[in-house]
Every structure is written in C-alpha cells, then in structure tokens.
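**Student:** Any chance you can model this:
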Amino acid sequence: MLDWSIIIHYFPFLFKGALLTLQISVISLILGLAVGLAAALSILSHNILLRWPARFYVWIIRSTPLLVQLFIIYYGLPQFGIDLNPFWSGVLGLALNTGAYNAETIRAGILSVPKGQVEAARSLGMGSSLTMRRIVLPQAMRLIIPPLGNNFIILIKDTSLVSTITLVELTLTAQRLIGSTYKPFEMYLMAAVLYAVLTTGSSLLLRQFEKRALKGAAA
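**Tutor:** Sure, this is the predicted structure:
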C-alpha cells in the first residue's frame, strides 16, 4: 500500500528539487546550443585549426559516458586549479555533452539546405558569413527543431546523473528523503512522476514552437 501521507508531506521538497532540475536543464540547453552551433560551423569550416579540434571534441564526448565526464570536471579539474561548485560542474558537463550531439544535428541541418540557394546568395554578392546567417541557418534551424527537442528531453533525464557530484536536484532529493522515511517506492515514484511532468511539458512547448516555425516558413 502506498503511504499517501508521506508523499503529500514531502512533495514540496521533491518539487523544489524538480525546479533545480529544470533550471539546470534550461541553462545547459542554452549553453549546449551555443557550443553545438560553434562546433558544427567549425567542422564545416575549411580552416583545419577549427575543423579538427571540433571533430575531436564531438568524437571524445560521444565516445565516453556522461558520468565519467562529470567526474572529470568535478573531481579531476581541481587537480589543475579549476575548482567548480557542483552546480556549475553539472551545467558544464551537461552543456558539453549535449553540445556534441547538437553539433551533429546542426551540421546535418546545414548540409540539408540545397547548394543552389547558397550559390544564388553568392551570385547576389553575399559573403560566406552573411549567406550562413540569412540563408542557410534560418532554413536549417526549422529542419532541426524536432531532433534538438529530443536532445533537450534526453538532457532533462540526464540531469539525474549530477546527483553523483552532490548536486541536490530531484534524484538526490529523493535519495535523501528515503534515508529519513525508509519509503523508497513512494519517493522514487514521485520523482518519476515529476520527471514525466517536466519532459511532457517540455515536449508540448517544443511542439508549439515547431508549429510556429513551420507557419513562419510557409508565410
């Protein structure tokens, strides 16, 4: 039998953890988009000094577990004098991780834009950067909204891993409450429900954003 009184009593604590989870996710999303865009443009660049470091970054991030990356940032970097608190360690790790996946998504979107449009822009006297900003990126972004949205949903769920570096988000909040209530099923069930609310709400918002983008493209 579920102990509803325990759930009701401790729900505010779990809700507070969920808010921190959402905050971490949004900040990591913004930074991850910036990192992903920079990496994608660098990979497509003809400059080898930009292209190869960006390729290495995407390869190493996609080839190693997020948990290991978080440990390197939080426990490893202090060895070199870089001591970040749990919050920014978690944000940095998540942003770099999702940024690598965003880079591949953005790169594929850019390559999907017909070359004829790029050549037409060039014939009108547009430079490479102007063509990218006004012709390529607007079209590419409309195409990659769905996969970027999927990356954000995955990011929200991946925030549970930052509990391993002592950041008291939703998962660690539930674990600490279990230590005092001895009710693991109730606490983890409520955590799962709150994660589902966060991901479902984000999916609905992203769907509305996608619809608006498509209407803007049609107009």
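
**Student:** When you work out contacts or count neighbours from here on, use the C-alpha atoms and nothing else.
**Tutor:** OK.

**Student:** chain center to the lengthiest helix in the chain, what's the gap?
**Tutor:** Secondary structure of the chain per DSSP state H: the longest helix is helix 4-44. What separates the centre of helix 4-44 from the centre of its chain is 8 Å, taken as Cα atoms, centre = their mean, to the nearest Å.

**Student:** Report the distance from the very next helix or strand once past it to the chain centre.
**Tutor:** Next helix or strand after helix 4-44 toward the C-terminus (DSSP states H and E): helix 48-62. On the basis of Cα atoms, centre = their mean, helix 48-62 sits 18 Å off its chain's mean C-alpha point.

**Student:** still on that earlier bit, could you check the angle the longest helix of the chain makes with helix 48-62?
**Tutor:** Using axes from the mean of the first three to the mean of the last three Cα atoms, to 10 degrees, the direction of helix 4-44 lies 150 degrees away from that of helix 48-62.

**Student:** Begin at 355, not 1, for the rest of this chat.
**Tutor:** Happy to do that; since the first residue is 355 now, the last one works out to helix 358-398.

**Student:** Who are the packing partners of helix 358-398?
**Tutor:** The elements that helix 358-398 packs onto, with contact taken as 3 or more Cα pairs under 8 Å, 6 or more residues apart in numbering; DSSP states H and E, are helix 402-416, helix 440-466, helix 491-512, helix 524-535, helix 538-572.

**Student:** Buried residues of whichever helix or strand comes after the first one, list them for me.
**Tutor:** Read that as helix 402-416. Following helix 402-416 in sequence order, the next helix or strand is helix 420-425 (DSSP H and E). Buried residues in helix 420-425, defined by neighbour count with 16 or more other Cα atoms under 10 Å: Leu420, Gln423, Leu424, Phe425.

**Student:** Okay, now the unreliable bits of this structure?
**Tutor:** Along the chain, segments meeting pLDDT under 70 span 568, 570-573.
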